[in-house]
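# Predicted structure and sequence below. I'll ask about it afterward.
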Amino acid sequence: MPRNPTDRCQGSWEDLYGTTVSGNLPQHVTKDCLSDIIDLNTIHSGGLEWVGLKHFNFYHFKCPYSTEASLHYIRNIDRSSPNYWKLEELNQSELASHTSTSGIMIRYARGVKYGWLCVDPACPYFISTGRRYFYI
């Protein structure tokens with residue numbers, strides 16, 4: 001495994017590991033390089049100059065408001081609702097393509113609460129509320 005996450009983007013499997021054996025060993029990189037799918041310029045222009053590629057190197061949790069995600073469930077946090085804390089599925093009309101982040105959220109801490117923050121400026125949750133979607 002390369003020490004630097006971007007090293008895997010710069011060469012083929014054979015060049016990096018010196019093998020052409022098929023079977024359990026992959027012959028090509030199966031995931032996109034983060035530098036190819038993350039548009040930092042758009043994210044920075046949205047007022048998040050502190051966000052860098054290093055923030056995306058954790059487990060890739062996708063925003064439920066993105067069309068790139070496979071699960072579109074959010075928690076109901078309305079305390080007066082009988083479905084309080086129950087997962088609710090979003091309607092297709094509430095989803096949008098996250099072109100700057102491919103739907104990937106960054107690991108983020110709100111005080112002592114660690115979770116995932118959507119930094120894409122095209123997120124429907126951000127557009128409608130003015131706040132970034134945060135998932136614990």
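Received, thanks. All values derive from a computational prediction rather than experimental measurement. Numbers count the residues shown, from 1 in each chain.

# is it true that D78 touches Y84?
Yes. With contacts counted by C-beta atoms under 8 Å, D78 reaches Y84, the gap being 6.6 Å. C-beta coordinates here come from the backbone N, C-alpha and C atoms, glycine included.

# what residues does stretch 64-83 touch?
Outside stretch 64-83, the residues that touch it by C-beta atoms under 8 Å, 6 or more residues apart in numbering are 62-63, 84-90, 94-98, 102-103, 118, 120, 123-125, 133, 135.

# Which parts of this structure are helices?
With DSSP state H, the ranges of helices along the chain come out as 13-17, 34-37, 40-45, 124-129.

# out of these, which comes closest to F56?
Ranking the helices of the chain by proximity to F56 (C-beta to C-beta) places helix 34-37 first, at 5.2 Å.

# In the closest one, which of the residues would be classed as buried?
For helix 34-37, the neighbour count (16 or more other C-beta atoms under 10 Å) marks L34, I37 as buried.

# Let me see the mean pLDDT of that helix.
Across helix 34-37, the average pLDDT comes to 80.

# what's the spacing between it and its chain's center?
Mean-position distance between helix 34-37 and its chain equals 12 Å (C-alpha atoms, centre = their mean, to the nearest Å).

# Identify each buried residue in stretch 88-100, please.
So for stretch 88-100, counting by 16+ other C-beta under 10 Å, buried means L90, L95, A96, H98, S100.

# Pull the residues that contact it.
For stretch 88-100, the surrounding residues in contact (C-beta under 8 Å, 6+ apart) are 38-39, 42-43, 63-68, 72-76, 104, 118-124.
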